[in-house]
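Sequence plus predicted model, see below.
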Amino acid sequence: MRLGGHVSTSGGVSKAFDRAIAVTAECMQIFTRNQTRWDSKPISEQEAALFRKLRAETGIGPNMAHASYLVNLATEDPLLEARSVAAMVDEVRRAEQLSVEFLVFHPGAHMGAGVDRGVANIARRLDAIIEEAGSAGRVRILLENTAGQGSAIGHDLSHLRDILAACRFPDRLGVCIDTCHAFAAGYDFTTDDGYESFVSALDDAVGLRRVLAFHLNDSKKALASRVDRHEQIDEGLLTAAPIVRFVRDPRFADRPGTLETPLAEERYAQELKLLRKLAGAKTRK
């Protein structure tokens, strides 16, 4: 697995490469727009061209953009639906502009409407987003598994399966697995047998070929807590060893695995060094 972290784009999206290099990242995840607002400032073509140039020069990638946390494609609220779809169309176009390979998003919360209704809403709106974005199809939209807080959809792998099955553009979609979320949702991969059981369940649900990226996070909360709280690698209740199983699994070779741990760039280099040491890997350029 190629290892990296979620880095800041403060000062312009192209600045992310300097920050990725500083923490020895081989890949990275970024926000391409303000995560606290529905509207967004366009990325200039000059800045986008520099981002693409640095991607080619540094070899850092594959890379991910993370969609706004405001987006809820499962909603029954018409205004929130309209805002969420428009924001996702913009996210896809921005990722295309930067030649970022993957766009990750949280499926959404059904807010009492029920999982089946939420899954149907998500699938239908993903179809609309892909059609409206009108892109060449380079960017893959990745469903992220969730911890299962509140009415969030995605904590059960069957939710991801059903969304993918209901979409008309399955080849444009994939899955990003967050280790903290999976653990908090109740998947115990802390033993060799438990790990193989989880990977088998993942294969049965969505197919390993669709598992295109990982978020590598320890967990502040216990197994099956259904609470999403990331912790530094090897300082939480999940610990580093189960995470390393994914990193060194040949079935996930060359997938991007990014840290989203609390201290971010302050600690990424240290955490990546630990993961590489435990996995018996070296930094690649």
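Thanks, I have the structure now. Every value quoted in this text rests on a predicted model; they were computed, and no experiment measured them.

The closest residue to Arg172 other than its chain neighbours: neighbour count?
If the residues on either side of it in the chain are set aside, Arg172 comes closest to Ile130, at 5.4 Å by Cβ to Cβ, 6 or more residues apart in numbering. C-beta coordinates here come from the backbone N, C-alpha and C atoms, glycine included. Counted with other Cβ atoms under 10 Å, residues neighbouring Ile130 total 21.

Outside of the helix or strand hosting Ile130 itself, which residues are in contact with it?
Here Ile130, judged by DSSP states H and E, is contained in helix 115-133. Counting by Cβ atoms under 8 Å, 6 or more residues apart in numbering, the neighbours of helix 115-133 from elsewhere in the structure are 73-76, 81, 84-85, 88-89, 92-93, 96, 107-110, 113, 141, 151, 153, 159, 162-163, 166-169, 172-173.

switch the cut-off to 6 Å
Residues external to helix 115-133 that are found in contact with it (Cβ atoms under 6 Å, 6 or more residues apart in numbering): 73-74, 85, 88-89, 92-93, 107-108, 110, 153, 162-163, 166-169, 172.

Would you map the helices across the stretch 1-150 of the chain?
Using DSSP state H, counting those that start in this stretch, the helices of the stretch 1-150 of the chain run over 16-22, 45-58, 78-98, 115-133.

Could you export those helices as CSV, including mean pLDDT and distance to Asp188?
Conversion of those to CSV gives the following (pLDDT from 0 to 100; distance: least, Cβ to Cβ, whole Å):
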stretch, mean pLDDT, distance to Asp188
helix 16-22, 98, 32
helix 45-58, 98, 37
helix 78-98, 97, 33
helix 115-133, 97, 22
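
and those helices as TSV, adding distance to Glu196?
Shown next, in TSV, are those (distance: least, Cβ to Cβ, whole Å):
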stretch	distance to Glu196
helix 16-22	32
helix 45-58	35
helix 78-98	33
helix 115-133	27
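
nearest to Arg37, of the ones you listed?
Arg37 lies closest to helix 78-98 among the helices of the stretch 1-150 of the chain, at 9.6 Å (Cβ to Cβ).

What is that closest one packed up against?
When contacts are defined as 3 or more Cβ pairs under 6 Å, 6 or more residues apart in numbering; DSSP states H and E, helix 78-98 sits against helix 45-58, helix 115-133.

Enumerate the positions of it that are buried.
Along helix 78-98, these residues count as buried under the neighbour rule (16 or more other Cβ atoms under 10 Å): 80-81, 83-85, 87-98.

what angle separates the helix holding Ile130 from helix 78-98?
Using axes from the mean of the first three to the mean of the last three Cα atoms, to 10 degrees, the direction of helix 115-133 lies 50 degrees away from that of helix 78-98.

how distant is helix 115-133 from the center of its chain?
In terms of Cα atoms, centre = their mean, to the nearest Å, the centre of helix 115-133 is found 18 Å from the chain centre.

Buried residues in it, which are they?
Of the residues in helix 115-133, those with enough neighbours to count as buried (16+ other Cβ under 10 Å) are 115, 118-123, 125-126, 128-130, 133.
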